[in-house]
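1. please work out how this folds:
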Amino acid sequence: MSFLPPSSISSFLSFYTACRRCIARPLPVLRFASTAASHNAAQLPRPAFSGLGLSLGAIQGMQTAFPVIRDATDAQRQFIPAIMGGKNLLLKGPTGSGKSFGLVLALLSKYRPPEPKTRPKISTLLIVPHRDLAYQFLHWIERVVHAANPSQSIPSLVQVLVRGSSTPLSQQAAQLRDSPPHLLIGTPQAILDVIHEDPTCINLKGFSSVAVDEVDYLIDYVPSESTKFTKTKVELRMRKHPTPTKQLLDMIYAERITQAKQSLLQRVGSKIAPPDSLPQLVLCSATFRSGLRQQIFASKWLGRGQGELIKVKGEAIQNEPEQEDQDTVIGGRNVQHCALVVSETGDIRNIDGAVEAEGASSQEAAEEEPAVVTASSDSLPVNLPELPEEMLERFSMTASPFHPPVMEAIAAAFAVDVPGVAMLVLPASAPVQRAVYELRMLGVNAVGLDLLSNERGRSHLLRGSGAAVEDDPTLLVTTLATTRGLDLPDLSHVFILGVCTARKVDSYLHLAGRAGRFGRGGKVVSVLEERREVVNEEKRTWKDEPRQYSLMLKTLGLQATRHESFY
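-> Numbers count the residues shown, from 1 in each chain. The predicted structure follows:
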């Protein structure tokens, strides 16, 4: 049955609408770079991407397709020439620094037409953690290529290989066999499945470049700060169940791995390994812990002396020692980190220790009178798109897996604060569609994130127009696994349900990095349950999300900010 009685729903919808009327704070216009622009900047030439090694077609297509991009970021100026020069790279940079888009431009520019009378081959492989990120890259490439050359065949240049697509995996594999693209973007498990089904479909020996985005999520490693017991446990799991990405890289660089296993006495002529013809390897992530780097070098995918760590923080910092494990930079400017604690009775308050946002006056806030919310039929929000009848029937007859006051808190915070687009990130096992249903019942225009659909996220890819307040803002609902690497510049707010259970600090870094893209402001709101007792198999423990959150922020060196709409 429904988790709220009809009278409560009606009252909440009235409250929601009254809150919407209070929003009138436009956000600054998106700037892909951090350089200041004068009032006539649009008329000035933009030569910033020239000189980085990118092809003229990629630059012209990018500037036509994405006119909001006025300059290359500091990060892009550092790593694009290295990629174009064929270097093996471990690329670390803060979220929002343009790594993903710069990577796409570089890989697109590395395209070289095949020799006459030879069958085309896949020359570049880009491995991504989830389907939506693959389609984000495809969307960018389609726009750039069509802007530069409308007659260019996209499938001959780039194809996507993922599960969960509207096109069956077998059909995607058949297209690969019949017409190999120069750039293949895929999730590791889908690529492995196709190789196991037909080893001739993808020639692993024919790549000139291999890139892995969000590598810290795709490669297992032993955290350096773990206990001896934990390290042993993780090492055993890694040996028994290597990740699909590790399996792929082991297959691609098998020759280099075999060579590395030989003793120095078996190597001929020099202690330095001779150069090989194996593909360039580019590994990207916002976090590159020492444990991950040790695992990468131990795996021997990089030849001796062939790997270079480029850590991007606005200026070139290369091969820095271990202190970078304490480096926890979140991309974006003026990103606020709020935490709302929800009691069992539904009271919502700011977490203990939260401070006023910079520039806000606590005295002025105290003097403001609270808005009076009255329930009237003409104050209800605009009609939301209809949910499928089957969903309505199924969910209305089953108990909610979510704590009702928590969902009400998310809806309230969304109503009072979001001008256009926000994202709600659920725990990995949480049912996305059920959350969408619950939020719709509270009057929120919630949709499950799906970059194949314009209405569910695709229209916000690098659009960057989010300065206006929309009449009916959108809340994109997703999980941690499907948010990695996404660039949605219209996104002003990220709501996080609870505290991530695995790699809390790194997971929060990636989630918080979805807001405040490319120098814009934003807000990250964690919605936490009050400390409570949990009974599991006759064991009584305490679940204390506020304490976990506070410890995580302390590790990050961040201070929780008070959400001005709550106590």
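2. mind giving me the domain split of the chain?
-> 6-30+331-556, 41-72+98-261+278-311 (automatic domain parsing).
3. redo those domains as TSV? Include mean neighbour count.
-> (Each C-beta comes from the backbone N, C-alpha and C, glycine too.) Converted to TSV, the domains of the chain look like this (neighbours: other Cβ atoms under 10 Å):
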stretch	mean neighbour count
domain 6-30+331-556	17
domain 41-72+98-261+278-311	17
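4. rank those by pLDDT, which is bottom?
-> Mean pLDDT values for the domains of the chain show the minimum at domain 6-30+331-556, a mean of 74.
5. just the helices in the stretch 151-300 of the chain please.
-> 154-157, 169-178, 188-197, 215-218, 228-240, 244-252, 254-261, 290-298 (DSSP state H, counting those that start in this stretch).
6. which outside residues touch stretch 155-162?
-> Residues from elsewhere that reach stretch 155-162, judged by Cβ atoms under 8 Å, 6 or more residues apart in numbering: 111, 120, 131, 134-135, 138, 141, 145, 169, 172-173, 175-176, 179, 181-187, 190-191, 194.
7. returning to that earlier point: so which of the helices of the stretch 151-300 of the chain gets nearest Q336?
-> When these are ranked by distance to Q336, counting by Cβ to Cβ, first place goes to helix 215-218 at 25.1 Å.
8. so how far is that closest one off the chain centroid?
-> A distance of 12 Å separates the centroid of the chain from that of helix 215-218, by Cα atoms, centre = their mean, to the nearest Å.
9. quick one, phi/psi of L90?
-> Recorded main-chain torsions at L90 are phi -110, psi 100, according to degrees, to the nearest 10.
10. how about V406?
-> Listed backbone geometry of V406 is phi -70, psi -40, with angles given as degrees, to the nearest 10.
11. OK, contacts around it?
-> V342, L497, V527, E529.
12. can you tell me how far it sits from G86?
-> In this view, V406 and G86 are 50 Å apart by Cβ to Cβ, to the nearest Å.
13. do the same with R143
-> Per Cβ to Cβ, R143 is found 27 Å from G86.
14. packing partners of the top helix by length along the chain?
-> Longest helix in the chain by number of residues, with DSSP state H as the criterion: helix 131-148. With contacts defined as 3 or more Cβ pairs under 8 Å, 6 or more residues apart in numbering; DSSP states H and E, the secondary structure elements packing on helix 131-148 are helix 56-65, helix 99-109, helix 154-157, strand 158-161, strand 183-186.
15. switch the ones you listed over to TSV; also include distance to A82.
-> Output for these, formatted as TSV (distance: least, Cβ to Cβ, whole Å):
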stretch	distance to A82
helix 56-65	16
helix 99-109	9
helix 154-157	23
strand 158-161	22
strand 183-186	19
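16. quick one: which of the ones you listed is nearest S396?
-> Taking Cβ to Cβ as the criterion, S396 comes closest to strand 158-161 out of these, the separation being 36.6 Å.
17. what strands line up against that closest one, and which way round?
-> Looking at strand 158-161 with DSSP bridges, its paired strands and their directions are strand 183-186 (parallel).
18. what sits up against the partner strand?
-> 107-108, 111, 122-128, 134, 137-138, 141, 157-162, 176, 191, 202.
19. ok so, going back, out of the domains of the chain, nearest to K92?
-> Across the domains of the chain, closest to K92 is domain 41-72+98-261+278-311 (Cβ to Cβ), at 4.1 Å.
20. and that closest one, how far from the chain's centre?
-> Taking the mean C-alpha point of domain 41-72+98-261+278-311 and that of its whole chain, the gap between them comes to 15 Å (Cα atoms, centre = their mean).
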